[in-house]
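[1] I need the structure of the sequence given here:
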Amino acid sequence: MNEDITTDAVVSLKATNELVVNEVIPGDEAEDEPEPDISHTKNSLPWESLFAAAEEMDLDNAIETAIKTLKNGKEVGKLSVIRTLADLLDSDGEDCIQKIFPLVQEVLAEESSNLDLHCEAAVVFKNIIKDKRWENRFSGLSEKLLNFILQNVENQRENVTAAAWLETLSEIADAIPIQAVTDLIVPLVVSQAEPTKRVQRRVIATRLLEKLCSIVPVECVKKDLAPCAQMLCQDPSAAVRTSVAQRLSMIADSLKNSTDCVSLLLPCLIELCKDDDPGVREAILNTIAVCLPYFTKESRKSVVIPLIRKCTEQALFLKDTSLTVVAKQIGPWLDSVKEILSQQELKWFLDTYCRLVDISMGDSDKISALLCTACRRMCAYNFPCFAMVYGKESFNEKLMPILDRFCTDGDDEVRSTISSGFHEIIQMRPDEPALVGPFIELIRGGAPEVVQQMTGNLHKTLPPLYECIKKYTGTVNVKISRIQLDRILIGCNRLLRGTGSWRSHESYLNNIACIRHLIPFHDLYVSFLPMLKQEVLTVRALPCRIAASQTLLLMMREFPMEKNRNTVIEFFTTTIGSHESCNRRRLLLDVVPIVLQHFSREFFKQHFLEAVLKLAHDKISNIRLHLCRILPQIKQHLVFPDDEALISNLEKVIRERLAQEKNVFDRQLIQQHACELSRAETANKDNKENKRKLSEERKLWTEVEPATVESPDKVEELPSQQKTLERKGSAKRLTGDLAAKSTKPPSGTPRSADTSAERPPTGWRTARPEKPKVAVVRPQPQIVITQRSPSPMPPKPEERRSKLPLSTAKYRSPSSGSTPTITNNSHSTRSSTPVVNDSNLHKYRTSASSETTSRNLSSSSANSPSGLRRSATTSAMNTGVMSRSASSSYNSSSGSSTPTGPHALMTSRSMSNIRRPYGLMKVQSSSAIERKPPSLSIRVVGMS
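    As a prediction, the model looks like this:
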């Protein structure tokens, strides 16, 4: 092929030269020039070298090139050959195994310090051994590569390169035949565990020990690996002892015998628990909890429990990092040995747990804040275990205060830990009303992380809580009502939707569906239905919208009233089905499987099928395709021949889509859905599942739930009734019903007890303290006109009769020279009564001193700039107790005076000593008589 390309190039070059030579320039045809010599052009290219290179490339193959590179190439070339060993093995299998692999081994032996070559070769060997495809093609390849790996482990003196090959052994041990592992790898592990080897090799030997225990037989574990583990437990390096302490549980699991575990591993546990290094003690304390089930009951009772108590007391005394391990493992320890513990040992576990909590919550200088926080987190993690083991008495006395402290802890991680296990606590104590408070405190903290941990098991937590609230409402332990708990749950939704964790929000919306069996349907309709509708319309994540829709449909299933169910149905079929957003319209198709799963076939056909098929003409192609995708599922719930018309409609939708769709890819999808629709089988008419759903729906939708709260109409009538009663009470006060009034001033007293007793109960509405209502009683003066003038007259008070029960006109003695009195028609009955000059009435006459005082006050008020003064009247109730009465009047020598100024008409304080046979209500008035014409003279006779 290369020769052809070269020949074509030469011919092309010759043709070009001939064209150049034979080209005739216009105007020079007559000139005759000799041909130029082009021999130098032909010899300008190195044709011989080009042909030789082409022949050499054809002769050499990939194997020869790889051999030359490994022998004489640079490091980059050698790395490239090693990385492409799998490709060479695929193309030239036998040649690669016979020539390349031995050569690679020689290169690795020569360059023992080259870490890149050894790491790359180790990775390639591991991948080839773990790929069963090569072993099936080339038998014995894995054993050959295993021998190469073992040679590299023995030959390498550098610890890093040897570690690379040992790590490869630990990863390929399960891909090698068991016989090869027993004969080749086990002796290597035992040799690498000797104290004369490097620390890194001994640490890797512990990893190999763990891996081999799950591969080799039990006899090999007893004979070789268990003694090797005992030797490593006595290693002088703390890193080696820590590594083997972390892996003793794997050896215990592989022994399969409690007696062997006690004889081989229990001495190792005792020795490592006494270690001086804190890291070793932490590792062995974590391992004890895993090894406890593998020991015999006698050894656990006599050896392990005293060992645990000793280690725990040591950690409490030292207060080092091992304290957090004790706080973490005390729960698993208790769970493993609870059957064999005595009462004294049970008490010790509980007291130790309380001590750990107290130490972690104390302000000790010996313990850092980080260590205290870690201990509290571990104690919160183990709280459900202690709640399960100990009875109600110990729980209420010691554990309940600890739970309250955890739920109000300042660290969010502590509260998150206790909230993640709160469902376990409340399921073990379902009748404990004291658990309601901690639950409220966890949510009231407002931390999204805490609430998220609780949403996953909310369906297990809420039923016992609602039962406790229903049973113990109003007691000391339960201080909230069921309605308050409903509001708290709704608040959780607002908290979760503001976070970025849509999975927690989805879990909340799914699990909250359990409350449909816990609260009345009216509360579901009033409280949770608007919240779920809002989530369906506004939440961003699609799984959350589907979860909210499912919960909304499940709650609708519990509504016995058809109008309530129609509200939800119209929300989906009308609001969602015709929404302007295509994402919301698609939600109607997403809820179709939910409706088919939880409702009967008749319900779906009656309420949802028509709205779903309308989306076949949607302007968004994805919605049309989604509809075509769910049509086979709808057909599987229909019955032939009863639903033959509906099945024809489904097929019509597919035909119309195929006829109208112009996009090629959409047409392919629609054709695929059409085939699925044609192959879909219809349902059986006697389907037991559908009959069960139908019977449940009839039962739920015909039996009305007993009313636990007042009806909404009655509740709405309460405010109007209350307002009517208030208006009646105000009218009574304004008409002067003195017997119903309090002895205290109305401005400082609330509504009387009689009024509050008449008020009907407010039902479910929250009782709020009402502000005291004060009725302002304005003075009602009786005006007597004594002189007419051409000035405008005030309106005649014909419509306003005196509301005083008695009149004082007949008690006033006539004075000589007084102005004739002109009274109003409305008061003609009282004023026409003759005034008898009786000696018994002298006690009601106004004394001279009072008249003088009144005259002085009148003159002084006349000089005031405003001419207005507030008057106050005081009296007692009509109980026979007489008190003062102050009234506004205009005094003159004859009982009336003519004003002398533009603002002379004013109110004044009367100091009259007239003793009236009745009492007046003690009121405070802020009213004053308006300005009147200066030619008008009036006298205030009485006030009400």
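
[2] Might you list the low-confidence residue ranges for the stretch 701-850 of the chain?
    703-850 (pLDDT under 70).

[3] for the chain, same thing?
    Checking the chain against pLDDT under 70 turns up 1-45, 49-60, 157-159, 363-367, 474, 476-477, 703-944.

[4] do you know how far the closest residue to Asn583 other than its chain neighbours is from Thr473?
    Excluding the flanking residues, the one nearest Asn583 by Cβ to Cβ, 6 or more residues apart in numbering is Leu542, at 7.7 Å. Backbone N, C-alpha and C define where each C-beta goes, glycine included. Distance of Leu542 to Thr473, given as Cβ to Cβ, to the nearest Å: 39 Å.

[5] Same check on Asp590?
    Taking Cβ to Cβ, one finds Asp590 at 39 Å from Thr473.

[6] How about Ile204?
    65 Å.

[7] Looking at the two, which is more packed in?
    Ile204 (26 against 14; other Cβ atoms under 10 Å).

[8] Hmm, that one is touching Thr168, no?
    No. Using Cβ atoms under 8 Å, Ile204 is not in contact with Thr168, being 10.5 Å away.

[9] now what about the strand or helix carrying Ser263, what contacts it?
    According to DSSP states H and E, Ser263 maps onto helix 258-264. Contacting residues not belonging to helix 258-264 are listed as Lys222, Ala226, Ala229, Gln230, Ile251, Ala252, Leu255, Cys291, Tyr294, Phe295, Thr296, Ser299 [Cβ atoms under 8 Å, 6 or more residues apart in numbering].

[10] What residues of that helix count as buried?
    Ser258, Asp260, Cys261, Val262, Leu264 (16 or more other Cβ atoms under 10 Å).

[11] all helices for the stretch 151-300 of the chain, in order.
    For the stretch 151-300 of the chain, the helices defined by DSSP state H, counting those that start in this stretch cover 159-172, 178-180, 186-192, 199-213, 218-220, 226-233, 238-245, 248-255, 258-264, 266-273, 278-291, 297-299.

[12] Let's have those in a markdown table, adding distance to Asp411.
    Below are the helices of the stretch 151-300 of the chain laid out as a markdown table (distance: least, Cβ to Cβ, whole Å):
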| stretch | distance to Asp411 |
| --- | --- |
| helix 159-172 | 39 |
| helix 178-180 | 50 |
| helix 186-192 | 44 |
| helix 199-213 | 35 |
| helix 218-220 | 46 |
| helix 226-233 | 37 |
| helix 238-245 | 29 |
| helix 248-255 | 31 |
| helix 258-264 | 39 |
| helix 266-273 | 30 |
| helix 278-291 | 22 |
| helix 297-299 | 39 |
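
[13] so which of the ones you listed comes closest to Ile623?
    With Cβ to Cβ as the criterion, Ile623 lies closest to helix 159-172 of the helices of the stretch 151-300 of the chain, at 51.1 Å.

[14] Please enumerate residues in contact with that closest one?
    Counting by Cβ under 8 Å, 6+ apart, 112-113, 115, 118-119, 122-123, 125-126, 129-130, 146, 149, 152-153, 156, 185, 188, 192, 198, 200-201, 204-205, 207-208, 211 sit against helix 159-172.

[15] hmm, try it at 7 Å
    112, 115, 118-119, 122, 125-126, 129-130, 149, 152-153, 156, 185, 198, 200-201, 204, 207-208, 211 (Cβ atoms under 7 Å, 6 or more residues apart in numbering).

[16] And for stretch 463-470?
    So stretch 463-470 is contacted by Ile426, Gln427, Pro430, Asp431, Pro433, Val436, Phe439, Val478, Arg482, Leu485, Cys514, Leu518 (Cβ under 7 Å, 6+ apart).

[17] Out of those, flag the one nearest to Cys628.
    Cys514 (35.3 Å).

[18] Distance of the closest one relative to Thr461?
    From Cys514 to Thr461 the distance is 9 Å (Cβ to Cβ).

[19] Comparing those two, which shows the higher neighbour count?
    Taking neighbours as other Cβ under 10 Å, Cys514 and Thr461 compare with Thr461 leading, 22 against 17.

[20] these two touch, right, that one and Glu424?
    No. Using Cβ atoms under 7 Å, Thr461 is not in contact with Glu424, being 9.6 Å away.

[21] Out of the contacts of helix 258-264, who's the most crowded?
    If you rank the contacts of helix 258-264 by neighbour count (other Cβ under 10 Å), Ala252 sits at the top with 28 neighbours.

[22] Could you tell me which residues make contact with the spatially closest residue to that residue that is not a sequence neighbour?
    Once flanking residues are discounted, Ala252 sits nearest to Tyr294: 4.3 Å by Cβ to Cβ, 6+ apart. Contact analysis of Tyr294 by Cβ under 7 Å, 6+ apart lists Ala252, Asp253, Ser258, Cys261.

[23] same thing but at 8 Å, please
    Tyr294 neighbours (Cβ under 8 Å, 6+ apart): Ala252, Asp253, Leu255, Ser258, Cys261, Leu265.

[24] tell me the two of those residues that are most distant?
    Asp253 and Ser258 (11.8 Å).

[25] residue ranges of the helices in the stretch 301-450 of the chain, please?
    305-318, 322-337, 343-361, 369-389, 392-394, 400-407, 412-420, 422-428, 436-444, 448-455.

[26] CSV for those helices, including mean neighbour count and distance to Asp523?
    Shown next, in CSV, are those (neighbours: other Cβ atoms under 10 Å; distance: least, Cβ to Cβ, whole Å):
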stretch, mean neighbour count, distance to Asp523
helix 305-318, 17, 50
helix 322-337, 22, 39
helix 343-361, 17, 39
helix 369-389, 20, 31
helix 392-394, 12, 32
helix 400-407, 19, 27
helix 412-420, 22, 25
helix 422-428, 20, 22
helix 436-444, 19, 18
helix 448-455, 22, 21
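
[27] Which one, of those, ends up nearest to Val104?
    helix 322-337 (47.0 Å).

[28] tell me which strands and helices the closest one is in contact with?
    Judged by 3 or more Cβ pairs under 8 Å, 6 or more residues apart in numbering; DSSP states H and E, the packing partners of helix 322-337 are helix 278-291, helix 305-318, helix 343-361, helix 369-389.

[29] List just the nearest of the contacts of Tyr294 to Leu79.
    For these, the residue nearest Leu79 by Cβ to Cβ is Asp253; the value is 41.3 Å.

[30] Please name the residues that touch that closest one.
    Cys213, Tyr294.

[31] Would you indicate which residues of the helix or strand containing Lys563 are buried?
    Taking DSSP H and E as the criterion, Lys563 maps to helix 562-570. By 16+ other Cβ under 10 Å, the buried positions in helix 562-570 come out as Asn564, Arg565, Val568, Ile569.

[32] gap between the last one and Asn649?
    Using Cβ to Cβ, Ile569 is found at 20 Å from Asn649.

[33] need the contact list for Arg137.
    Gly93.

[34] Kindly apply the preceding question to Ile97 instead.
    Leu89, Phe138, Leu141, Lys144.

[35] Among the residues you listed, name the ones in helices.
    Leu89, Leu141, Lys144 (DSSP state H).
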